[in-house]
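Chemist: okay, here's the prediction I keep looking at, along with the sequence it came from:
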Amino acid sequence: MFSGSLTTQFSNLTSLRVLDLSCSFPVIDYSTISYNVSSSVTFRAGSFYTHIYMGSLSSSNLNWLQKFNNLRFLILNGVNLSEAPLSPISNLWNLRMLQLSNCQISGRIPIKQLLNLTRLSYLSMGFNFLRTQIPLELANLTSLSVIDLWRSSLQGSFPYLPQLKELNLGNNSDLIINLHNMFAFPWPQLEVIDISSTQVNGTIPPSIGNITSLREFAAFDCSIQGQVPTPMMHLSHLEFLMLGGNTLNGRLSPSISNLKSLQLLYLLENSFEGSIPDTICIISSLKYIDLADNSFTGNLPDCISQLPNLCYFLIGFNKMSGTIPSLAYFVQNPTLEMIDLGFSGLTVNVDKHPFSSNFQPQALLLDSCNLGGEIPIFISNLTQLTFLSLSNNSLSGRIPSWLLKLPNLGYLDLSLNNLHGALPLNIKLKSCFFRLTTLPLENNQLQGPIPSSLENVDAVDLSRNNFTGHIPTQLGCQNIKYLSLSANKLSGDIPSSFCDANNQLMLLDLSNNCLRGTVPTNLGNCTSLIFLNLGGNNLIGQIPKELEGAKNLNYLDISGNLFDGSFPSVLHKLQRLMVLNLGSNRFEGSIPRYIGDLQDLRILVLEFNSFNGSIPKDITKLEKLQIIGFSNNQLSGPIPEKLSGLKKLTTQTMDGSLLCFIISDIYAGVEVKMVIKEFLQHLKVVHTYTNGIDLSCNNLTGSLPSELGLLRGLYMLNLSHNQIFGDIPTSISSMSTLESLDLSFNSLSGEIPTTLTLLDFLTTLSLSYNNLSGKIPTGPHFDTLSRDGLAYTGNKFLCGAPDAVITCDSKSSSGDPETTNLKDSGQQQVLFYAAVITGYGVGTAGFFLILQLMNETWTQGYWTAIDRIALRIIRCSKMVQYIKDYVHRE
């Protein structure tokens with residue numbers, strides 16, 4: 001390996017024709033995947049590339065190249081040229097090939113220098129920071145046939161360069177490619193196009209069929225729409241067709257058989273439908289077929305297994321039907337290296353036919369293929385297997401000992417089955433350079449102790465099983481990145497060995513067990529930790545201040561424990577928090593104002609504690625906040641006014657992105673419990689459009705803020721069981737996405753705004769037990785919300801309520817609601833003083849005597865007030881018990 005600075009070491013070699021000082025080259029590396037939050041799980045190829053370095057060279061200038069007039073090939077890939085002016089390159093007038101990939105070059109493409117290189121045919125400047133448009137002047141380099149500017153932060157559009165044979169512009173997300181304009185001109189020599197992960201945003205024009213010399217067309221992850229044009233199916237020289245990660249639709253044309261030279265067909269993650277045409281089997285040159293994650297239907301053509309050169313076949317995540325009657329027959333082709341039938345809709349029969357000894361795949365995915373029974377024994381002979389996924393197959397029995405001894409196995413997914421028995425105490429997977437070693441075994445009936453040694457295991461999920469005992473101390477000393485032991489029967493303390501000096505832990509989920517003790521201070525050493533879930537245990541004490549060392553923490557859930565004290569001050573240091581759940585503990589005191597400093601917060605749950613004081617106004621600074629859960633506390637004061645600061649709730653979110661984390665190949669989604677439509681719901685999938693505000697069962701006062709109407713993207717609003725008074729603001733009608741509205745058990749007065757009938761998405765409404773009056777508004781949709789009238793119960797002056805004291809057709813009633821309320825209020829005040837005086841004199845008996853002497857109206861008002869208070873307490877108490885029971889069942 002070379003290292004050092006390039007100065008004059010080669011200055012005397014003036015006759016050199018080839019100079020290759022490369023010290024890096026790119027490779028695909030799945031282990032570079034860390035996590036995505038608020039993103040859909042899609043393929044992003046550029047994210048998976050890294051470089052292997054074979055040295056460390058740099059040069060502050062390139063003057064030492066000035067005398068190399070005979071040089072034909074100059075290759076400096078990986079040499080640090082961040083400080084070197086590129087002007088000396090212009091003297092290399094005989095140069096045919098110039099490779100400056102991954103050289104940390106920034107700025108513009110050096111077009112003035114390049115124009116002197118009239119014989120240049122190959123230019124590579126990929127993996128740099130050019131941040132510029134591709135210069136039009138490149139068309140003057142008539143000898144230039146290959147341009148590689150892959151992942152160089154290019155911008156703008158692409159010029160017409162008719163002399164090119166190969167064009168590699170992939171992974172430049174700001175580069176705009178208009179295929180209709182591009183193919184409107186002839187490209188007589190073009191053989192290779194890579195525009196992957198650029199901005200195409202349109203359809204593939206039929207004129208692409210005119211590029212008859214085309215061998216490779218890579219345009220995945222470009223937002224291409226529409227259908228594949230028929231003329232494209234006549235490109236007889238096409239060898240590689242890569243259109244994955246777009247929104248292409250329609251059927252796969254039977255004329256695909258005209259692509260007689262096709263070796264690679266990559267249509268992953270589109271919207272293709274219909275059956276796979278039998279004519280695909282005519283293309284005997286096919287080596288790689290990836291049709292996964294589409295909407296293909298029907299059965300699989302039998303002839304696919306007969307393709308003589310097929311190495312990779314992926315059809316998972318489709319809507320197919322039918323059966324593969326014999327897996328042994330289907331895989332008799334000895335060239336198969338990877339088979340993915342997982343979640344395709346197909347049923348796979350593992351019959352008694354013997355498997356060929358030549359069948360030695362590296363990857364086998366049979367998820368959700370209705371396998372049943374025990375883990376198939378034929379797998380024990382697959383000694384080259386590195387990736388095995390058998391999830392969701394109703395597999396039963398024990399995990400055989402031979403399975404974990406396969407010599408090359410680095411990924412094993414047996415989740416969502418009925419497997420039982422204990423795991424071996426020592427598990428070892430085979431390390432793989434290209435991906436993290438992963439062991440998902442969640443949702444089974446496995447039991448016994450947690451394995452104490454997980455050697456070469458980067459990610460392990462043992463959640464939702466029946467494991468017992470303590471968490472092994474040794475686990476904290478191993479370089480695990482993802483560890484989930486959630487929903488088992490584990491007991492004891494959390495080991496203090498977690499997060500030692502060399503830890504790489506990114507996700508730790510110990511929720512829903514029987515763990516006790518305090519949170520170890522060592523967790524603050526987990527500088528890579530982004531996800532920590534300790535909810536649903538019996539942990540006590542407070543959150544240690546040392547946790548502030550976990551500065552990358554995005555997700556923190558400690559709900560359902562016995563933590564006490566004030567709001568944890570350490571949270572102010574965790575500025576990257578997106579999800580914070582402190583619910584169902586014993587916290588007390590006020591919610592601090594610095595909550596408004598956690599600008600990345602999306603979900604904030606503080607329910608079922610004893611927080612008091614007012615809701616801090618600073619909460620309205622949280623522009624990304626989409627779920628607020630403050631119910632069942634002792635909060636008082638008014639609802640904050642300036643709700644317009646909650647930007648996420650003021651607009652309707654059109655995308656359906658997931659709030660999730662992806663570490664290795666394991667998905668960890670954000671979950672939350674919310675009372676929606678009067679029922680507690682456990683949302684196991686939270687999207688960016690999932691939102692709600694629950695402030696119920698507190699002591700909030702004041703009127704409803706008029707700015708509520710600005711929350712046009714809000715889905716659920718629950719303000720029930722408080723002491724809010726005043727009118728219902730008409731601005732609520734602007735909350736066009738509102739589906740659930742609960743304002744019950746307050747002291748709201750006035751009429752129900754007729755504009756509420758404009759809320760077409762509203763499915764649940766409760767205005768019961770207030771002081772509303774007037775008539776219930778009507779509307780075609782609004783009338784369906786409470787046909788029995790229970791949504792309005794407890795409003796005796798509300799015309800149409802089941803227990804109203806007035807009728808809708810009467811012109812007068814027993815009293816004006818305002819006058820009656822004043823009268824009741826005055827009489828209740830008299831009662832209060834009378835009760836105090838009488839209590840001193842004649843005690844309780846005298847008090848009840850006075851009740852008998854009071855007039856009937858006063859007595860009814862008094863006992864109505866008592867009933868309302870009692871019912872409010874009972875309703876909240878029942879809700880608390882219901883949720884406790886629900887959590888216990890979970």
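Modeler: Good, I have the coordinates. Quick caveat, the model's predicted, so the values are computed rather than measured.

Chemist: which residue ranges form the helices in the stretch 551-700 of the chain?
Modeler: 647-650 (DSSP state H, counting those that start in this stretch).

Chemist: hang on, I meant the stretch 251-400 of the chain
Modeler: 327-330.

Chemist: where in this protein is pLDDT low?
Modeler: For the chain, the stretches flagged by pLDDT under 70 are 1-2, 27-51, 433-434, 653-661, 663-667, 669, 672-688, 810-890.

Chemist: and the gap between residue 507 and residue 662?
Modeler: Distance of residue 507 to residue 662, given as Cβ to Cβ, to the nearest Å: 10 Å. Bear in mind the C-beta positions are built from the backbone N, C-alpha and C, glycine included.

Chemist: number of nearby residues for residue 769?
Modeler: Residues near residue 769, counting by other Cβ atoms under 10 Å, number 23.

Chemist: tell me which element the residue lying closest to it once chain neighbours are set aside is part of?
Modeler: In this structure, residue 769 finds its nearest non-sequential neighbour in residue 794, 3.4 Å apart by Cβ to Cβ, 6 or more residues apart in numbering. Applying DSSP states H and E as the criterion places residue 794 outside every helix and strand.

Chemist: residue 794 contacts residue 771, correct?
Modeler: No: if you go by Cβ atoms under 8 Å, residue 794 and residue 771 don't touch, sitting 9.1 Å apart.

Chemist: for the residue nearest to residue 763 when sequence neighbours are not counted, what are phi and psi?
Modeler: Closest residue to residue 763 apart from its sequence neighbours, by Cβ to Cβ, 6+ apart: residue 739 at 5.2 Å. Phi and psi for residue 739, reported as degrees, to the nearest 10, are phi -110, psi -30.

Chemist: ok, now how distant is residue 739 from residue 697?
Modeler: Shown here: residue 739 relative to residue 697, a distance of 21 Å by Cβ to Cβ.

Chemist: for the two, indicate the residue with more neighbours.
Modeler: Neighbours per residue (other Cβ under 10 Å) separate residue 739 from residue 697, with residue 697 holding more: 27 against 18.

Chemist: my read: the more buried one touches residue 718, true?
Modeler: No: using Cβ under 8 Å as the test, residue 697 is too far from residue 718 to be in contact (9.2 Å).

Chemist: intersection of neighbour lists for the two?
Modeler: Counting by Cβ atoms under 8 Å, 6 or more residues apart in numbering, the shared contacts of residue 697 and residue 718 are residue 631.

Chemist: residue 260: neighbour count?
Modeler: Neighbours of residue 260 (other Cβ under 10 Å): 13.

Chemist: hang on, isn't it packed against residue 285?
Modeler: Yes: counting by Cβ under 8 Å, residue 260 does reach residue 285; the two are 7.1 Å apart.

Chemist: how long is stretch 414-425 end to end?
Modeler: Across stretch 414-425, the terminal residues are separated by 18 Å (Cα to Cα, to the nearest Å).

Chemist: and what of stretch 453-460?
Modeler: End-to-end for stretch 453-460, by Cα to Cα: 12 Å.

Chemist: quick check, residue 294 in contact with residue 276.
Modeler: No: with contact defined as Cβ under 8 Å, residue 294 does not reach residue 276; the gap is 9.8 Å.

Chemist: how close does the residue nearest to residue 329 when sequence neighbours are not counted get to residue 347?
Modeler: Nearest non-adjacent residue to residue 329, counting by Cβ to Cβ, 6+ apart: residue 353, 6.4 Å away. Using Cβ to Cβ, residue 353 is found at 16 Å from residue 347.

Chemist: what segments of the stretch 101-250 of the chain are helices?
Modeler: Going by DSSP H, counting those that start in this stretch, the stretch 101-250 of the chain shows helices at 111-114, 179-182.

Chemist: export those as TSV, with columns for distance to residue 367 and mean neighbour count.
Modeler: Output for these, formatted as TSV (distance: least, Cβ to Cβ, whole Å; neighbours: other Cβ atoms under 10 Å):
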stretch	distance to residue 367	mean neighbour count
helix 111-114	51	17
helix 179-182	36	17
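
Chemist: got the ones you listed as a markdown table, with distance to residue 323 columns?
Modeler: A markdown table is the format used below for the helices of the stretch 101-250 of the chain (distance: least, Cβ to Cβ, whole Å):
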| stretch | distance to residue 323 |
| --- | --- |
| helix 111-114 | 60 |
| helix 179-182 | 40 |
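
Chemist: where do the strands sit along the stretch 101-250 of the chain?
Modeler: For the stretch 101-250 of the chain, applying DSSP state E, counting those that start in this stretch gives strands covering 122-124, 146-148, 155-157, 166-168, 174-176, 192-194, 216-218, 240-242, 249-251.

Chemist: just checking: what are the partner strands of the first one?
Modeler: The strands beside strand 122-124 in its sheet (DSSP bridges) come out as strand 97-99 (parallel), strand 146-148 (parallel).

Chemist: for these, which one sits closest to residue 708?
Modeler: strand 146-148 (55.7 Å; Cβ to Cβ).

Chemist: what's the distance between stretch 355-368 and the middle of its chain?
Modeler: 31 Å (Cα atoms, centre = their mean, to the nearest Å).

Chemist: contact partners of it?
Modeler: 314, 316, 327-328, 331-332, 334, 336-343, 348, 378-379, 381-393, 408, 413.

Chemist: the strands in the stretch 601-750 of the chain, which residues?
Modeler: With DSSP E, counting those that start in this stretch as the criterion, the stretch 601-750 of the chain has strands spanning 603-605, 610-613, 627-629, 634-637, 660-663, 666-669, 672-676, 679-683, 692-694, 699-700, 716-718, 725-726, 740-742, 747-751.

Chemist: picking that back up, burial measure for the residue nearest to residue 769, as a count.
Modeler: Residue 794, neighbours per other Cβ under 10 Å, totals 22.

Chemist: how far away is it from residue 266?
Modeler: Here residue 794 is placed at a distance of 63 Å from residue 266 (Cβ to Cβ).

Chemist: my guess is residue 325 meets residue 353, correct?
Modeler: No: Residue 325 lies out of contact with residue 353 (Cβ under 8 Å); the separation is 9.8 Å.

Chemist: what is the neighbour count of residue 175?
Modeler: Neighbours of residue 175 (other Cβ under 10 Å): 23.

Chemist: try residue 587
Modeler: When neighbours are counted by other Cβ under 10 Å, residue 587 comes out with 23.

Chemist: that one contacts residue 609, correct?
Modeler: Yes: with contact defined as Cβ under 8 Å, residue 587 counts as touching residue 609 (4.3 Å).
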